[in-house]
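Asker: turn this into a structure:
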Amino acid sequence: MKAFLMSAGSKRVPTTFLLNDNQILNEKMLEDLNNILNSGHVPNIYEPSELEEMNVQAKKDCQLKGLEQSPVNLYNQ
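Answerer: Here you go, the predicted model:
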């Protein structure tokens with residue numbers, strides 16, 4: 001799930017996620033998928049070091065777009 005989100009988000013690779021009922025190994029997978037569909041993120045999926053890397057990239061994106069580097073703008077990027 002992390003690789004999928006990183007590819008679609010930070011690398012901006014157009015992505016399609018297909019899931020077959022035979023691929024569901026446990027109910028936790030469905031919880032994560034439900035979180036993505038409802039809110040766009042999965043709680044506690046990233047380690048602090050991974051979050052820091054994403055914040056660095058988001059700051060660059062904000063700067064390129066002329067946006068203030070507020071927590072809301074960083075999250076949206």
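Asker: for stretch 35-55, buried residues please.
Answerer: Judged by neighbour count using 16 or more other CB atoms under 10 Å, the buried positions of stretch 35-55 are 36, 42, 46, 54. Every residue, glycine included, has its C-beta placed from N, CA and C.
Asker: that one: end-to-end distance?
Answerer: Taking CA to CA, to the nearest Å, stretch 35-55 runs 21 Å from one end to the other.
Asker: so where do the helices sit in the protein?
Answerer: For the chain, the helices defined by DSSP state H occupy 2-9, 27-39, 48-65, 71-76.
Asker: ok, which of these comes nearest residue 19?
Answerer: Closest to residue 19 of the helices of the chain, according to CB to CB: helix 27-39, at 6.9 Å.
Asker: and the helices of the chain as TSV, adding distance to residue 19 and mean pLDDT?
Answerer: Shown next, in TSV, are the helices of the chain (distance: least, CB to CB, whole Å; pLDDT from 0 to 100):
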stretch	distance to residue 19	mean pLDDT
helix 2-9	11	80
helix 27-39	7	87
helix 48-65	23	87
helix 71-76	26	82
